[in-house]
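Asks: give me a model of this one.
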Amino acid sequence: MSIMPLCCNFAWEIVYGLIYPSKNRLERGVIVFGLVINFGIMYAAVLFSPREWTHAPLVERNLHWIFCIGIIGFLTGHLALAAEIGPALSYSWGAVVAQLMLSVGGLCQLLCRGSTRGASYTLWFSRFFGSYCVMGFAILRWMYWPESFAWLNSPLVLWSVAVFLIVDSSYGLCYWYVKRYEESCRTARTEKVK
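Replies: Below you'll find the model as predicted:
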């Protein structure tokens, strides 16, 4: 998972899991569970940074500070959004921003690395399926409760849906291509050794 999207998502989980928690216990539990998982991901990233970031020593030595500053930056952004438009609406708009960043960040990370290390079809499918479930729930809310969810038919939401569809679909295709490239390099290396 890319660093800044992870910080944005973690900050969103702090704001809507702890500061403005849902009245629904299940939803609150899922958000807090996501917070714990993402904390584990960040801990592992810092722990293994000497192995993963040798090409970028500044990041390698300061990853914990990058996470702290990134989380604080996004935390203040999510809180500012909640103060501006209210926690109920900012819950959804903040999630849209975090989801867009996670989708685009994941695709960029895959392409920049040129490696499937840390990625899988399972990870892609879970994100892809999750995005589609959220869109399905949003469509149902808009159709059956238009008085509360008319904002879901806005140009910005529709643009976000298009970006999700394009980027999350592209990820699967790019993952397949990078995986195929890795296998061809491995095959070429073993033939060269023979």
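Asks: ok, which stretches of this structure are strands?
Replies: Along the chain, counting by DSSP state E, no stretch forms strands.
Asks: domain boundaries for it, per the record?
Replies: 1-113, 114-194 (automatic domain parsing).
Asks: most tightly packed of those domains?
Replies: domain 1-113 (a mean of 16; mean count of other Cβ atoms under 10 Å). Just so you know, the C-beta spots here come from the backbone N, C-alpha and C atoms, and that holds for glycine as well.
Asks: remind me which residues of this protein are low pLDDT?
Replies: 194 (pLDDT under 70).
Asks: just give me the residue closest to the centre of it.
Replies: Against the mean C-alpha coordinate of the chain, by Cα atoms, centre = their mean, the closest residue is Leu102 at 2.5 Å.
Asks: for that residue, which non-adjacent residue is spatially closest?
Replies: Distance criterion Cβ to Cβ, 6 or more residues apart in numbering; nearest residue to Leu102, sequence neighbours excluded, is Pro5 at 4.5 Å.
Asks: likewise for Cys108?
Replies: That would be Ser2: by Cβ to Cβ, 6+ apart, it lies 6.8 Å from Cys108.
Asks: mind checking how far the residue nearest to the centre of the chain is from Phe128?
Replies: 12 Å (Cβ to Cβ, to the nearest Å).
Asks: swap in Phe74?
Replies: Separation of Phe74 from Phe128 (Cβ to Cβ): 24 Å.
Asks: what does Gly70 give?
Replies: 25 Å.
Asks: and Leu75, by the same measure?
Replies: Where Phe128 is concerned, Leu75 sits at a distance of 28 Å (Cβ to Cβ).
Asks: next one: Arg141
Replies: According to Cβ to Cβ, Arg141 stands 21 Å off from Phe128.
Asks: just Tyr91 next, same as before
Replies: 22 Å.
Asks: can you check Ser90 too?
Replies: In terms of Cβ to Cβ, Ser90 sits 25 Å off from Phe128.
Asks: report the longest helix in the chain, please.
Replies: helix 155-193 (DSSP state H).
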